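A.B. asks: Sharing a sequence plus its predicted fold:
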Amino acid sequence: MVGLKKPVVVFLCETLLDRRGMARIHQRLRFQNCFTVEKIGHSGGLAMLWNSEVSLSLLSYSINHIDMEVEGVGGCKWRLTGYYGCPDRNQRRRSWALLRELASRSHLPWLICGDFNDILRQDEKVGGDAQLEWLLVGFNDAIEACGLTELRMVRGFFTWQCGGIREKQDRGLAHTCWNDIFPHVIV
C-alpha cells in the first residue's frame, strides 16, 4: 500500500518491534525519517515515518501516542498525532484523559488518527455482546470535549475482527480548522 500510494507520512501502531526492527521497516519503505516508541514485552510499539517533502517536529510521545508539529503541507503549521488507545477496557478512562490532555496542549489545527480501541456507536460493532453504554458515552464525551469530528472513510467500515466480532476501532479525527485546510481528505 505504501509503495502504491506513496504517502509522505505514515503512522504505525502495534508494530511489536524494537528500534532495530523498526529501522529495517523504515529502510524497506524508503522513508528518510522515523520516530519509534519501542514495544514493551510482547505488545505495543509505535512509529511515525516521513519523507523530506515535509518537516515534522516531535512535541511529545508515550506508549499510546506520537504527537508532531507539521510544516510543508497545507501552507501552515498543524499537528499530527498518531494514537493507540488502551486495549484494556478498564483503562479506557486513561485513554480518554490522554485525548483531553493532548487537545489542551495546542491551538494548531489538529489531526489525530490511529487505533482508538473504541467505538462511537453500537452500529460500529457486529457480533458479540453490545458495547457497554459507559464506554460509548466516555469515548463520545472525550471526542466532543476535544472539538474533534470524524473524517470520512473510503473503504472498509470495520477495521478490527476477531472470530465473528467486527468493529470500527481505527479512525481519523480532526478539528474543524484542520478540515478547512484539507477539505477533501478521506481516510
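C.D. replies: Okay, I see it.
A.B. asks: What's the end-to-end length of stretch 146-156?
C.D. replies: Across stretch 146-156, the terminal residues are separated by 26 Å (C-alpha to C-alpha, to the nearest Å).
A.B. asks: Quick one: mean pLDDT over that stretch.
C.D. replies: Averaging pLDDT along stretch 146-156 gives 88.
A.B. asks: Show me the contact partners of it.
C.D. replies: By C-beta atoms under 8 Å, 6 or more residues apart in numbering, the surrounding residues in contact with stretch 146-156 are 99-100, 102-103, 110, 112-113, 120, 143, 171-176, 179, 185-187. For the C-beta atoms, the positions are set from N, CA and C on the backbone; glycine is no exception.
A.B. asks: swap the cut-off to 10 Å and go again
C.D. replies: Residues outside stretch 146-156 that contact it (C-beta atoms under 10 Å, 6 or more residues apart in numbering) are 96, 99-104, 110-113, 120, 142-143, 159, 166, 168, 170-179, 182, 184-187.
A.B. asks: all helices of the chain, in order?
C.D. replies: Assigned by DSSP state H, the chain shows helices spanning 2-5, 19-28, 92-104, 133-145, 176-181.
A.B. asks: Go ahead and flag the most central residue of the protein.
C.D. replies: Nearest to the geometric centre of the chain sits residue 114, at 2.2 Å (C-alpha atoms, centre = their mean).
A.B. asks: Distance of that one relative to residue 159?
C.D. replies: As judged by C-beta to C-beta, to the nearest Å, residue 114 and residue 159 stand 10 Å apart.
A.B. asks: Which residues are in contact with each of those two?
C.D. replies: Both residue 114 and residue 159 are contacted by 169-171, under the criterion C-beta under 10 Å, 6+ apart.
A.B. asks: Low-confidence stretches in the chain?
C.D. replies: Counting by pLDDT under 70, the chain contains low-confidence ranges at 1-5.
A.B. asks: ok, residue 49 - how many residues close by?
C.D. replies: A count of nearby residues for residue 49, using other C-beta atoms under 10 Å, gives 23.
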